[in-house]
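Undergrad: requesting a structural model of the entry that follows:
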Amino acid sequence: MPKLTIDGTELTVPAGTTVLQACEQLGIEVPRFCYHDRLQIAGNCRMCLVEMEKSPKPIASCAMPVNEGMVIRTNTPKVKKARQGVMEFLLINHPLDCPICDQGGECDLQDQAMGYGMDRSRYDEHKRAVPDKDLGPLISTHMTRCIHCTRCIRFATDIAGVEEMGALGRGEHMEIGTYVEKAITSEMSGNMIDLCPVGALNSKPYAYTARTWELVRTETIDVLDAVGSNINVQARGREVMRVLPRLNEDINEEWISDKTRFAYDGLRRGRLDQPYVRTNGKLQPASWKEALTAVAARMTSLGGHSMAAIAGDQACVESMAALKDLFRESGSPHIDCRQDGAKLDAAVRASYLFNTTIAGIEEADVCLLVGTNPRWEAALVNARLRKRYLRGGFRVFSIGPRLDLTFLVENLGSGPETLGAIAGGGHPFVETLAGAKRPMMIVGQGALARADGAAILAAAWRVAVTCRMVREGWNGFNVLHTAAARVGGLDIGFVPGAEGGLDVNGILDGATAGKIGLVYLLGADEIDMKRLGSAFVVYQGHHGDTGAHRADVILPGAAYTEKAATYVNTEGRVQQTRRVVFPPGEAREDWAIVRALGEAVGVRLPYDTVAELRHRLEAEHPHLGKRDTVPRAPWSSFGTEGRMDTAPFVSPIDDYYMTDAICRASETMAECSALFVANIQGATGTHG
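TA: Presented below is the predicted three-dimensional model:
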């Protein structure tokens with residue numbers, strides 16, 4: 001390990017450390033624009049110049065590796081003059097439009113010009129102008145402001161895996177953009193906005209709507225997929241204005257998906273802000289008392305076995321727990337949180353978790369994908385897979401449709417017959433898995449949300465056992481969920497009761513046949529509403545989506561930005577949202593609605609506050625009290641042995657931008673769907 005001296009302080013660092021990184025270890029600030037610790041080193045901006053002993057001129061500290069005996073000085077007059085000169089060059093062509101720039105107030109160029117620049121300019125020449133580029137509906141460009149740091153290019157190439165950004169021309173004529181004018185086809189393109197150190201790349205939906213100092217920031221989590229990305233939601237008054245990533249190395253690092261970042265405009269459109277009761281075939285506004293009385297009257301007129309409840313993909317743990325208690329006390333065993341019909345085994349926690357953990361992907365050396373497309377189902381998981389792939393020594397194989405995941409995927413087959421051959425030990429791929437030090441398998445909902453899902457789950461368990469995926473200190477068996485509510489619902493047992501309880505398909509069949517007289521939809525919009533027959537439908541949710549259209553009574557609930565609620569992500573990590581704004585109109589938090597309904601029905605639930613409800617949950621399920629940890633789940637057999645259908649696996653998502661009620665209410669997501677998904681399907685003639 002080399003030893004060097006920085007500003008008179010000796011320091012020993014690992015080999016390969018750059019001078020800039022060594023300075024950071026001592027807490028010495030070195031200005032930079034092009035350097036980013038998650039991107040490859042470019043050395044473009046030269047803002048990080050420092051003085052090195054025996055060097056005739058200042059060096060770029062971001063690109064200079066540490067050597068034994070180096071003597072570095074970061075605060076000499078020579079360094080100060082060099083940085084002022086670099087800043088002068090950077091500002092030669094930069095327009096003086098800070099007052100109208102969306103980056104104003106959080107701009108690296110502003111901050112560093114104040115800290116390291118001169119108080120005057122010596123240039124009188126005309127500034128050059130660069131035409132703006134059309135990068136699609138998400139990113140607004142002002143390319144005259146660009147300082148050619150190439151962060152966007154390196155992100156698109158290295159992290160997103162979409163090599164569509166580049167630099168054309170040289171010197172005065174150099175421009176950053178797409179090689180052929182087109183939109184950026186990445187599910188993570190919005191991160192380039194955060195990376196841009198100036199105002200060249202901005203959020204198009206957010207443009208000119210607010211200033212950063214007007215916004216109130218709340219740290220919370222995303223629930224539009226099952227990753228549980230940590231986010232910073234910024235609001236003005238009662239309106240969410242933008243969503244930014246929050247650093248969490250174990251989950252999303254410092255990235256978020258475009259759906260997480262840009263779907264927030266759906267939170268203010270199509271909202272349910274008061275109760276409704278269907279009268280004479282038409283939904284009419286009603287008071288809370290009238291709506292709860294109507295539901296209570298129907299529930300008391302039916303026996304427990306004639307009622308059922310289905311929880312949707314964004315239901316929080318508290319609301320599902322309250323609804324489970326209400327239906328259990330009412331005598332109904334018909335509850336299910338798997339609205340897509342996935343045959344997940346709630347009795348064995350390891351059978352439905354991403355046991356490797358998202359960060360653990362970086363330790364694997366072989367990965368088998370079964371019926372999943374992580375690029376659309378969990379973009380941040382796909383980014384981790386790509387990150388591990390680029391390091392080398394990592395091969396990815398798939399069973400299902402051929403995938404473009406931004407890295408090489410070797411397809412083994414299209415359906416269960418290939419999985420069965422591997423489980424039986426007769427497939428050549430068994431040797432690859434068995435010979436790996438840390439093999440992993442990711443089973444998606446495209447494999448489990450089928451009639452033979454339980455048999456496929458059993459076959460996946462046999463593959464894990466046969467190929468020794470589970471061993472001391474390593475569990476390579478993973479289920480990738482698409483619903484934020486799914487793991488929490490399975491954890492608390494929001495599944496059919498042992499006394500003849502029906503799952504989602506059984507509930508829908510029962511409603512079609514007239515055996516189920518009441519169906520309670522807790523934000524469940526992804527089921528076939530036609531199969532509800534003549535059942536009395538209660539919809540509790542926050543958007544006027546498909547469930548609300550079919551409902552006989554609507555109880556307006558709160559979206560994830562409007563309540564403090566518990567969610568468990570796909571790896572089993574317990575996290576909590578925080579209230580950013582209050583629900584609109586008369587909408588209320590979901591657990592409180594269920595408890596009020598219990599009072600109307602005559603069922604007294606044993607908690608009056610959300611704190612009491614959580615205390616009860618933590619007593620029954622201790623892991624729910626351990627926030628932001630992933631306890632290892634005990635391993636045992638799961639699934640049901642049986643015949644697997646020969647139909648090929650298909651992805652459960654055929655439109656990345658339209659997966660839930662919030663996204664379907666978002667104009668931004670509608671633009672993306674029309675531009676990206678419709679064009680892909682039109683060009684290929686496929687759907688999925």
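
Undergrad: just name whatever secondary elements the helix or strand where Thr300 lies is in contact with.
TA: Thr300 belongs to helix 288-301 when elements are defined using DSSP states H and E. Helix 288-301 is packed against strand 276-279, strand 553-556, helix 590-601, with contacts defined by 3 or more CB pairs under 8 Å, 6 or more residues apart in numbering; DSSP states H and E. (C-beta placed from N, C-alpha, C; glycine too.)

Undergrad: give the buried residues for stretch 225-239.
TA: Residues of stretch 225-239 classed as buried by neighbour count (16 or more other CB atoms under 10 Å): 225-235.

Undergrad: in TSV: those, plus distance to Ala346 and pLDDT.
TA: Below are the buried residues of stretch 225-239 laid out as TSV (distance: CB to CB, whole Å; pLDDT from 0 to 100):
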residue	distance to Ala346	pLDDT
Asp225	21	96
Ala226	16	97
Val227	21	97
Gly228	20	97
Ser229	25	97
Asn230	27	98
Ile231	29	98
Asn232	33	97
Val233	31	98
Gln234	37	98
Ala235	36	97
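
Undergrad: ok, back up a step: so which of the helices and strands packed on helix 288-301 is the most surrounded?
TA: Of all these, strand 553-556 has the most neighbours on average by mean count of other CB atoms under 10 Å, namely a mean of 26.

Undergrad: tell me the one of the buried residues of stretch 225-239 nearest Leu11?
TA: Among the buried residues of stretch 225-239, Asn230 lies closest to Leu11 (CB to CB), at 31.9 Å.

Undergrad: roughly how far apart are the closest one and Val479?
TA: Applying CB to CB, to the nearest Å, the value for Asn230 to Val479 is 22 Å.

Undergrad: which one of the helices and strands packed on helix 288-301 lies nearest to Phe327?
TA: Here helix 590-601 is closest among the helices and strands packed on helix 288-301 (CB to CB), at 9.6 Å.

Undergrad: from the contact counts, what lies against that closest one?
TA: Using 3+ CB pairs under 8 Å, 6+ apart: helix 590-601 touches helix 288-301, helix 317-329, strand 536-541, helix 610-620.

Undergrad: can you give me the helices for the stretch 151-300 of the chain?
TA: Under the criterion DSSP state H, counting those that start in this stretch, the stretch 151-300 of the chain contains helices at 151-154, 191-195, 258-262, 288-301.

Undergrad: hey, which of the ones you listed is tucked in deepest?
TA: When these are compared using mean count of other CB under 10 Å, helix 258-262 is most buried, at a mean of 27.

Undergrad: show the average pLDDT along it.
TA: In this model, helix 258-262 has a mean pLDDT of 97.

Undergrad: run the chain-centre distance for that helix.
TA: 8 Å (CA atoms, centre = their mean, to the nearest Å).

Undergrad: what's the closest non-adjacent residue to Met52?
TA: The shortest distance from Met52 to any non-neighbouring residue, by CB to CB, 6 or more residues apart in numbering, is to Ile59 (5.0 Å).

Undergrad: surely the one you found is in contact with Gly43?
TA: No: contact criterion CB atoms under 8 Å: Ile59 and Gly43 do not qualify, at 10.0 Å.

Undergrad: can you read off the pLDDT for the residue nearest to Arg573 when sequence neighbours are not counted?
TA: Nearest residue to Arg573, sequence neighbours excluded (CB to CB, 6+ apart): Val630, at 5.1 Å. Val630 carries a pLDDT value of 95.

Undergrad: residues in contact with Val630?
TA: The neighbourhood of Val630, defined by CB atoms under 8 Å, 6 or more residues apart in numbering, consists of 250, 357, 571-573.

Undergrad: buried ones among those?
TA: Buried among these by 16+ other CB under 10 Å: 357, 571-573.

Undergrad: now the residues you listed in JSON lines, please, with extra columns for pLDDT, secondary structure and distance to Gln25.
TA: Listed next are the buried ones among the contacts of Val630 as JSON lines, based on pLDDT from 0 to 100; DSSP: H, G, I helix; E, B strand; the rest coil; distance: CB to CB, whole Å:
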{"residue": "Thr357", "pLDDT": "97", "secondary structure": "coil", "distance to Gln25": "28"}
{"residue": "Glu571", "pLDDT": "97", "secondary structure": "coil", "distance to Gln25": "31"}
{"residue": "Gly572", "pLDDT": "97", "secondary structure": "coil", "distance to Gln25": "34"}
{"residue": "Arg573", "pLDDT": "97", "secondary structure": "coil", "distance to Gln25": "30"}
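
Undergrad: residues in contact with Thr418?
TA: Contacts of Thr418 by CB under 8 Å, 6+ apart are 399, 412, 427.

Undergrad: what residues sit buried inside the helix or strand hosting the second one?
TA: What it means is Leu412. Secondary structure assigned from DSSP H and E places Leu412 in strand 410-413. Of all the residues in strand 410-413, those buried under the rule 16+ other CB under 10 Å are 412-413.

Undergrad: please apply the same query to stretch 140-150.
TA: Within stretch 140-150, the residues scored as buried using 16+ other CB under 10 Å are 140-142, 144-150.

Undergrad: next: stretch 328-347.
TA: Applying 16+ other CB under 10 Å to stretch 328-347 flags 329-330, 332-346 as buried.

Undergrad: sorry, back to before: with mean pLDDT and distance to Tyr264 added, can I get the helices and strands packed on helix 288-301 in a markdown table?
TA: Converted to a markdown table, the helices and strands packed on helix 288-301 look like this (pLDDT from 0 to 100; distance: least, CB to CB, whole Å):
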| stretch | mean pLDDT | distance to Tyr264 |
| --- | --- | --- |
| strand 276-279 | 97 | 25 |
| strand 553-556 | 98 | 19 |
| helix 590-601 | 97 | 20 |
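
Undergrad: nearest to Lys133, out of those?
TA: That would be, of these and by CB to CB, strand 553-556, which comes in at 42.2 Å.

Undergrad: and whichever helix or strand comes after that closest one, what does it pack onto?
TA: Under the assignment DSSP H and E, the closest C-terminal helix or strand after strand 553-556 is strand 566-568. Secondary-structure packing of strand 566-568 (3+ CB pairs under 8 Å, 6+ apart): helix 317-329, helix 486-491, strand 574-576.

Undergrad: could you give the mean pLDDT of strand 566-568?
TA: 98.

Undergrad: thinking again about what came up before, any chance of the helices and strands packed on strand 566-568 in TSV, with distance to Glu181 and mean pLDDT too?
TA: Below are the helices and strands packed on strand 566-568 laid out as TSV (distance: least, CB to CB, whole Å; pLDDT from 0 to 100):
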stretch	distance to Glu181	mean pLDDT
helix 317-329	46	97
helix 486-491	40	97
strand 574-576	40	97
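
Undergrad: so for Arg242, which of these sits nearest?
TA: strand 574-576 (20.7 Å).

Undergrad: how about that closest one, which residues are buried there?
TA: Buried-residue list, strand 574-576, by 16+ other CB under 10 Å: 574-575.

Undergrad: re earlier: I'd like the helices of the stretch 151-300 of the chain as TSV, with distance to Ala551 appended.
TA: Below are the helices of the stretch 151-300 of the chain laid out as TSV (distance: least, CB to CB, whole Å):
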stretch	distance to Ala551
helix 151-154	45
helix 191-195	38
helix 258-262	26
helix 288-301	10
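
Undergrad: I figured Glu363 was touching Arg438, is that so?
TA: Yes: Glu363 lies in contact with Arg438 (CB under 8 Å); the separation is 5.5 Å.

Undergrad: common neighbours of the two, please.
TA: Counting by CB under 8 Å, 6+ apart, the contacts common to Glu363 and Arg438 are Trp474.

Undergrad: need the distance between the two termini of stretch 345-365.
TA: End-to-end distance for stretch 345-365, by CA to CA, to the nearest Å: 28 Å.

Undergrad: for it, buried residues please.
TA: 345-346, 348-358, 360-361, 364.

Undergrad: with stretch 555-572 instead?
TA: Buried-residue list, stretch 555-572, by 16+ other CB under 10 Å: 555-563, 565-572.
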